[in-house]
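Colleague: I would like to see how this sequence folds:
(one chain, ligands or ions: 2)
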Amino acid sequence: MKQLTIIKIGGNVIDNSENLHQFLLDFTALPGEKILVHGGGKIATELGESLGIEAKMFEGRRITDIETLRVVTMVYAGLINKNMVAQLQAKGSNAIGLTGADGNIIKAKKRPVKEIDYGFVGDLDDNSVSAATLDSLLKAGLVPVLCAITHDGDTQLLNTNADTIASSVAVAMSSLYETRLVYCFEKKGVLKDVNDDASVVREIKVEEFDDLKADGTVQGGMIPKLHNAFEAIKKGVSAVYIGKADELNELANGTFGTKMLG
Ligand SMILES: Nc1ncnc2c1ncn2[C@@H]1O[C@H](COP(=O)(O)OP(=O)(O)O)[C@@H](O)[C@H]1O
Ligand SMILES: CC(=O)N[C@@H](CCC(=O)OP(=O)(O)O)C(=O)O
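Modeller: Ligands and ions are numbered 1, 2, ... in the order given. Prediction:
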């Protein structure tokens, strides 16, 4: 089977032009087929605030009312996605920037209202991602760059967490490729002490996850990230890593960040 690498880049790195430049150089240099998934939550929050729209998050997910949906569509599908594509083109990657609505690549379902109304947030299931369409782009020599905007197939755009998109894309593509998933963010990996970059945990087994949550080692956005990482392993992705965006070149020699073990 051919190898495919799905890389997700978070908003804190996108916001730092030097780190982003280095990351995109390393991404371009990676051998084999590639898909890039990007977030941008930090930039959406800042733009929203400048327009008087306050960000509301619950358990790591953005509560997305109609004004917020407009902001995240402009920021993720427009500003960030198109700048990322232009930068990749300049570095020699034939990138094509897409939402989940383009080519019907990712169809989501609006999250049902329970104790919290998340508004226009889209959830994914095992049939959400069109592996065949992504594969046809890869076969045409293109590098898909996916943002965090999906659709419901009935005109509605939805906001879907980028970590979840990366995990679902990796799972769907593992029917066609030997797939690895790499979460890139601003720290060196999952850390024992979140303020100490020298405390990287090299490997985490799925059965260790509950203890890491319970003793407070992993908190906030790292909890859903690890959940998505282990879901990917459980559903057939061959390797999942979490590490620092501008150290992506270390993937080849096995010293990159934290590796998840099933
Ligand atoms: N043990 C840990 N190791 C590394 N980061 C952690 C840990 N626990 C919590 N975090 C936090 O998780 C954040 C990453 O989650 P998130 O902000 O959702 O990522 P992203 O920028 O990729 O979307 C880090 O910025 C960090 O503050
Ligand atoms: C529903 C939901 O929470 N969507 C995310 C999508 C962007 C994202 O995931 O960005 P980062 O990877 O930079 O955090 C949000 O709007 O923040």
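
Colleague: show the end-to-end separation of stretch 2-19, please.
Modeller: 29 Å (CA to CA, to the nearest Å).

Colleague: for that stretch, which residues meet the burial criterion?
Modeller: Buried residues in stretch 2-19, defined by neighbour count with 16 or more other CB atoms under 10 Å: 4-15, 19. From N, CA and C alone the C-beta is placed, and that goes for glycine too.

Colleague: can I get these in TSV with distance to residue 133?
Modeller: Shown next, in TSV, are these (distance: CB to CB, whole Å):
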residue	distance to residue 133
4	14
5	18
6	15
7	19
8	19
9	22
10	25
11	26
12	30
13	27
14	25
15	30
19	31
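
Colleague: just the helices in the stretch 1-150 of the chain please.
Modeller: With helices called from DSSP state H, counting those that start in this stretch, the stretch 1-150 of the chain shows them at 11-14, 17-29, 41-50, 66-72, 81-90, 131-139.

Colleague: tell me which of the ones you listed sits most buried.
Modeller: Highest mean neighbour count of the helices of the stretch 1-150 of the chain: helix 11-14, a mean of 21 (counted as mean count of other CB atoms under 10 Å).

Colleague: residues in contact with the residue nearest to residue 21 when sequence neighbours are not counted?
Modeller: Excluding the flanking residues, the one nearest residue 21 by CB to CB, 6 or more residues apart in numbering is residue 87, at 7.4 Å. Neighbouring residues of residue 87 by CB atoms under 8 Å, 6 or more residues apart in numbering: 20, 21, 24.

Colleague: picking up where we left off before, pLDDT and distance to residue 239 for the buried residues of stretch 2-19 - can I get that in JSON lines?
Modeller: Conversion of the buried residues of stretch 2-19 to JSON lines gives the following (pLDDT from 0 to 100; distance: CB to CB, whole Å):
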{"residue": "4", "pLDDT": "98", "distance to residue 239": "11"}
{"residue": "5", "pLDDT": "98", "distance to residue 239": "9"}
{"residue": "6", "pLDDT": "98", "distance to residue 239": "11"}
{"residue": "7", "pLDDT": "98", "distance to residue 239": "12"}
{"residue": "8", "pLDDT": "98", "distance to residue 239": "14"}
{"residue": "9", "pLDDT": "98", "distance to residue 239": "18"}
{"residue": "10", "pLDDT": "95", "distance to residue 239": "19"}
{"residue": "11", "pLDDT": "89", "distance to residue 239": "24"}
{"residue": "12", "pLDDT": "92", "distance to residue 239": "24"}
{"residue": "13", "pLDDT": "94", "distance to residue 239": "21"}
{"residue": "14", "pLDDT": "95", "distance to residue 239": "24"}
{"residue": "15", "pLDDT": "90", "distance to residue 239": "28"}
{"residue": "19", "pLDDT": "92", "distance to residue 239": "23"}
